[in-house]
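S.K.: Model the following, please.
(one chain, ligands or ions: 2)
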Amino acid sequence: MPAQNTAKDENNTPVSQQAARVCVVGAGPSGLTTTKTLLAAGLNVDCYDMSPHIGGHWVIENPNGKSSAYRSLRTNTTKRMSRFSDFDMPADWPEFPTYDYVRTWLEAYVDAFGFRQNISTNTDVVSARPETDGGWQVTLEHDGCRSKVFYDAVVAASGSYWDQQLPTWPGHFDGTIFHAQDYLDPSAPHETKGKNVIIVGVGNTGCELACEIARADAENVYLSARSGTWIMPKTIDGVPAAEGVPMNHPTDDIPLELQRMPQDERELLLENLATQKIKETYGERMKQFEELGLPAAPDRPLLKRPTMSQDLLEHLEKGDLRAMPAIAELHGDHVAFENGETIKAEIIIAATGYKLSYPYLSADIADTRQNDLTLFCGIVPPERKDLFFVGVSRPSGAFWPVAEAQAKFVAALLTGAYTLPNQDELDQRSRPVLNRAAMSPGLYGFALREELARGTHHREGA
Ligand SMILES: Cc1cc2nc3c(=O)[nH]c(=O)nc-3n(C[C@H](O)[C@H](O)[C@H](O)COP(=O)(O)OP(=O)(O)OC[C@H]3O[C@@H](n4cnc5c(N)ncnc54)[C@H](O)[C@@H]3O)c2cc1C
Ligand SMILES: NC(=O)c1ccc[n+]([C@@H]2O[C@H](COP(=O)([O-])OP(=O)(O)OC[C@H]3O[C@@H](n4cnc5c(N)ncnc54)[C@H](OP(=O)(O)O)[C@@H]3O)[C@@H](O)[C@H]2O)c1
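M.R.: Ligands and ions are numbered 1, 2, ... in the order given. Presented below is the predicted three-dimensional model:
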């Protein structure tokens, strides 16, 4: 890079002589901030979304079938943590906005920066295939018609929480099993009133749904966990707990002593400090969860995504929600658990997370068999310099500003302001992005800025 602009339309006509032509897949928060950032850098950008709406996950009942939003969903990241660097959420909005607020804010972002004309909705990216002499052939489907467009680069911003990970258990079940992605409220898509309901998984989704259904009119509600995780409140005395976490936005200042450390060391130091703080603050509370039947939490809290739940402890204590171990077997209208206990159940909701999937990329380009991707700087596959992943990450804060920081990195690369290191260094410094400790958005933002500053050196060394 800088990418040659070899973009051609269907008639093989060059589109622009100057800037690279980029295909952004997805108009959720990640694709929107990418489109805005790349356009601002002077690139030619087309953003496609299969949905008739922009906003991705935050469009409840999104016709694309990929939204996991339910009616009571609010963000678990504060407005400050979640903002784009140049676009705040209004001051009079709630600290944890509902999905509708987020959607409204994303719509306003597009209008404020005027890039709606660069987004094609109702347009499915069916495939993106690299050409032998560089660039990508992208196959689009709109209104049942397919077309092919050539791009210099592709940004995969198609979301990481949409492909249901639905477990199977031995035996057969007479009741209903469905994934939490399909859940809307205690009556939809299936009525839980008067029923015995098991929710599987103690991530944010499982805990939220279990509490909500426990507050509704179910007969009995059970929360089944095969392993433990740290469960922390969203607010303490009315103040968002996460606001006390330093460097929780990619643009936050980094103390000088951290800046001077090698990246791995500063990340480890922060993880150790966070581990100590989490154990001190929530250790006693975690013991209560264990006494109430949840598995012990891992020794290093940030190695697994911690769960934020305000009400779980109260419901378990009250007894309108019971913690259970993993499901062992299904027996018609009963379910057996690994502790030997068997209960009657009519509904099982699998809040068991998502598979990382890129159906429009071939498996050798996006190898997600380990439910992960190995990327340089969390963005670039080491074997391709014209494909970028934006929005697949494990931040200890909000996703959207992290996606924005990634988009700025892609912009620098595609405009030639930054040059990647040589192949050996790329291979050596590429890391799995999901199977790792949650990363501090502040440290990550700083590491990206640091790498961008090194770009000149790479160019000189090339
Ligand atoms: C229940 C839940 C709650 C969450 N809460 C928070 C929170 O509070 N704070 C936070 O920061 N994060 C939260 N997240 C993480 C969430 O995934 C991100 O907030 C965010 O929506 C990710 O944005 P995205 O653009 O990467 O993906 P998405 O929002 O999923 O958008 C992806 C877009 O890509 C489109 N697309 C996919 N494939 C194609 C294709 N082949 N062709 C064309 N278009 C395609 C889809 O239609 C979709 O519009 C939550 C996730 C879940 C599941
Ligand atoms: N804004 C909000 O309030 C909100 C609400 C919900 C979700 N979210 C976000 O949405 C994202 C996804 O969260 P999530 O809770 O849906 O998924 P998740 O964090 O991946 O949690 C999945 C849970 O299911 C368990 N599980 C997975 N496979 C299983 C199996 N085969 N059998 C039994 N248990 C299994 C996991 O256990 P193991 O740990 O043992 O694998 C884990 O407890 C996260 O980023 C989360 O923060 C936010």
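S.K.: Could you tell me which residues of this structure lie near ligand 2?
M.R.: Residues of the chain lying close to ligand 2 (C-beta under 6 Å from any ligand atom) are 75-76, 161, 165, 167, 200-206, 208, 226-227, 304-305, 326, 351-353. In this view, the C-beta of every residue, glycine as well, is placed from N, C-alpha and C.
S.K.: Strands - which of those residues land there?
M.R.: V200 (DSSP state E).
S.K.: Okay, and which of the residues of the chain next to ligand 2 map to helices?
M.R.: Within the residues of the chain next to ligand 2, residues falling in helices by DSSP state H are 204-206, 208.
S.K.: Neighbour count, pLDDT and distance to I119 for the residues you listed - can I get that in TSV?
M.R.: Below are those laid out as TSV (neighbours: other C-beta atoms under 10 Å; pLDDT from 0 to 100; distance: C-beta to C-beta, whole Å):
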residue	neighbour count	pLDDT	distance to I119
N204	18	97	29
T205	25	98	28
G206	25	98	34
E208	25	98	31
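S.K.: Nearest the geometric middle of this protein, what residue?
M.R.: S160 (5.2 Å; C-alpha atoms, centre = their mean).
S.K.: Quick check: pLDDT value at it.
M.R.: For S160, the pLDDT comes out at 97.
S.K.: Ok, T456 next?
M.R.: 69.
S.K.: how many neighbours does the residue nearest to N122 when sequence neighbours are not counted have?
M.R.: Closest residue in space to N122, ignoring its immediate chain neighbours: P52 at 5.2 Å, by C-beta to C-beta, 6 or more residues apart in numbering. For P52, the count of nearby residues is 12 (other C-beta atoms under 10 Å).
S.K.: same deal with the one 5 residues further on?
M.R.: Residues lying near H57 (other C-beta under 10 Å) number 24.
S.K.: Please apply the same query to the one 3 residues further on.
M.R.: Other residues near I60 number 17, with proximity taken as other C-beta under 10 Å.
S.K.: now K287
M.R.: K287, neighbours per other C-beta under 10 Å, totals 12.
S.K.: Past the strand or helix carrying it, which element shows up next along the chain?
M.R.: Under the criterion of DSSP states H and E, K287 resides in helix 263-291. Next helix or strand after helix 263-291 toward the C-terminus (DSSP H and E): strand 307-308.
S.K.: Quick check: R146 vs K287, distance?
M.R.: 58 Å (C-beta to C-beta, to the nearest Å).
S.K.: before we move on, what about L43?
M.R.: From L43 to K287 the distance is 53 Å (C-beta to C-beta).
S.K.: Wait, a strand at the residue nearest to N122?
M.R.: No. If the criterion is DSSP: H, G, I helix; E, B strand; the rest coil, then P52 is coil and not within a strand.
S.K.: For it, give me the backbone phi and psi.
M.R.: With angles defined as degrees, to the nearest 10, P52 sits at phi -70, psi -10.
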